[in-house]
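My questions are about this predicted structure, shown below with the sequence.
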Amino acid sequence: MEQTNSRWLFIFILMSLFSILLFPQKAHADSNWLKYFRKDSLLNTYKRSYAVLDDTLWVGTYGDGLTVNDGQKTITYTNRNTRTSPQQDDGLISDYITCISIDEKNGRIWIGTNAGLSSCDLEGKEWIRYTDKDGLPNLVIRDLAIDSAGNLWAGTPSGIAIYDGETWKVVVKTKGSEESSVHSIKVKGDSVWVGTVGGTVSRYKDGEWRTFETF
């Protein structure tokens, strides 16, 4: 009996494999939906971040740089084609994009990467780089946000870096939190909410920190 059951189980598994190989499952949606993959000029099917300004979509990929689509054309920005010259080490600091934030007030696009922070104007020009030499506590940028005063908040594994347009201020640990590994930053009105890898959630408002969830 056991041999018979084993034989049927083997046949079932074998037929299932043949079914998957010969008749792969397909998800069908409304006829208006289209699928795009790398072969269709989509840079990288592994997307890390998105940002939208008016009708323009900024998309960060993990390894293939940044793409910008305004509905009519697509522009690709990489570490190589944003340099002022092949020998110059400027432009987009890395093609491994982790987060994007748009500062409409000052007309800047902020791009976080695994090797530092880059910034350009809304036209994809005037590139500037920021690293630990400029004041970042860590080169890995996990999240970015612009507060109501126009300051840039950058979350890293080693704390938060706040940029007012001229200088950087680093906050390693918020009040009530013993963890500095920042995972996400969100702005709501005059409040800035910071979440850490360990689960701590803190709020910065009116110059003071308050922790709502502890590590």
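Happy to help now that I have it.

Helix, strand, or coil at the residue most central in space within the chain?
Geometric centre of the chain, nearest residue: Cys99, 2.5 Å, by C-alpha atoms, centre = their mean. Recorded secondary structure, Cys99: strand (DSSP: H, G, I helix; E, B strand; the rest coil).

before we move on, which element is the residue nearest to it when sequence neighbours are not counted in?
Using C-beta to C-beta, 6 or more residues apart in numbering and skipping residues adjacent in sequence, the residue nearest Cys99 is Gly112, 4.0 Å away. (Each C-beta comes from the backbone N, C-alpha and C, glycine too.) Element membership of Gly112, judged by DSSP states H and E, is strand 108-113.

Show me what counts as buried in the very next helix or strand once past that strand.
Once the chain leaves strand 108-113, the next helix or strand it forms, by DSSP H and E, is strand 116-121. Using 16 or more other C-beta atoms under 10 Å as the test for burial, strand 116-121 gives Gly116, Leu117, Ser118, Ser119, Cys120.

Going by distance to Asn79, which of those residues wins?
Of all the buried residues of strand 116-121, the one sitting nearest Asn79 is Ser118; the distance, using C-beta to C-beta, is 9.3 Å.

got a pLDDT number for that closest one?
Model confidence at Ser118, given as pLDDT, is 97.

Enumerate every residue touching it.
If you count contacts by C-beta atoms under 8 Å, 6 or more residues apart in numbering, Ser118 has them with Gly91, Leu92, Ile93, Ser94, Trp110, Ile111, Trp127, Ile128, Arg129, Tyr130.

neighbour-wise, which of these leads?
Most neighbours among the contacts of Ser118, by other C-beta atoms under 10 Å: Ile111, with 27 neighbours.

how close does that one get to Leu139?
According to C-beta to C-beta, to the nearest Å, Ile111 stands 13 Å off from Leu139.

How about Ser181?
Distance, Ser181 to Leu139, by C-beta to C-beta: 14 Å.

Walk me through the domains of the chain.
Structural domains of the chain, as assigned by automatic domain parsing, span the residue ranges 26-130, 140-215.

ok, for Gly91, nearest residue in space, not its chain neighbours?
In space, Gly91 is closest to Thr82, 3.0 Å off (C-beta to C-beta, 6+ apart).

Spit out the contact partners of the one you found.
Going by C-beta under 8 Å, 6+ apart, Thr82 touches Asp90, Gly91, Leu92, Cys120, Gly124, Trp127.

and it, helix, strand or coil?
Under the three-state scheme (three-state DSSP), Thr82 adopts coil.

Look up how far Ser118 lies from it.
Thr82 is 8 Å from Ser118, by C-beta to C-beta.

Repeat that for Gly207.
For Gly207, the distance to Ser118 equals 29 Å [C-beta to C-beta].
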